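*Asks:* my questions are about this predicted structure, shown below with the sequence.
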Amino acid sequence: QVQLVESGGGLVQAGGSLRLSCVASERTFANYAMGWFRQAPGKEREFVTAISWNGRSTYYADSVKGRFTISRDNAKNTVHLQMNSLKPEDTAVYYCAVATRVTTTPLSLRNAYDSWGQGTQVTVSS
């Protein structure tokens, strides 16, 4: 099973930026699609963004389009989430996930993924 470790969370003022990173434990990382989800207190875990194995396709939730950017560096087994123009409603624990199985499940759905990181807290103050 692929192990994932997120970093880069923290406290930022509204309008600010943060860059999250997720490092995978395996070289085969380059074969898999990756996603970011988030979970605010009392809410369901929701899709944020995803990227195909080769980085050519990216997908975003409407709430983050134009503000967040996902990218990957397969040579470093790393996926990044650049978050700009942050809003208080972006406050959540952010999780990265990897989809290692061949599936037709859309990458916006949690069950497309089979391994998850431990999460990193992002807090945006108003």
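*Replies:* Alright, I've got the coordinates.
*Asks:* please make it C-alpha for all contacts and neighbour counts, starting now.
*Replies:* Noted.
*Asks:* how about the strands in this protein?
*Replies:* For the chain, the strands defined by DSSP state E cover 4-7, 10-13, 18-24, 33-39, 46-51, 58-60, 68-73, 78-83, 92-99, 115-116, 120-125.
*Asks:* what's near enough to touch the one residue sitting closest to the centre of the chain?
*Replies:* Geometric centre of the chain, nearest residue: residue 36, 2.1 Å, by Cα atoms, centre = their mean. Residue 36 sits next to 47, 48, 49, 50, 81, 94, 95, 96, 97 when contact means Cα atoms under 8 Å, 6 or more residues apart in numbering.
*Asks:* closest to residue 17 out of those residues?
*Replies:* residue 81 (10.5 Å; Cα to Cα).
*Asks:* beta partners for the closest one?
*Replies:* Residues in a beta bridge with residue 81, per DSSP bridges, are residue 20, residue 70.
*Asks:* residues contacting it?
*Replies:* 19, 20, 21, 36, 68, 69, 70, 71.
*Asks:* near the residue lying closest to residue 95 once chain neighbours are set aside, how many other residues are there?
*Replies:* Leaving out its chain neighbours, the residue that sits closest to residue 95 by Cα to Cα, 6 or more residues apart in numbering is residue 119, at 4.4 Å. Residues lying near residue 119 (other Cα atoms under 10 Å) number 22.
*Asks:* ok, residue 119 touching residue 94?
*Replies:* Yes. Applying Cα atoms under 8 Å as the test, residue 119 and residue 94 come out as touching, 5.2 Å apart.
*Asks:* sorry, back to before: top of the contacts of residue 36 by neighbour count?
*Replies:* Busiest of the contacts of residue 36 [other Cα under 10 Å] is residue 96, holding 30 neighbours.
*Asks:* go ahead and confirm it touches residue 116.
*Replies:* Yes. Here residue 96 reaches residue 116: they are 5.9 Å apart, a contact under Cα under 8 Å.
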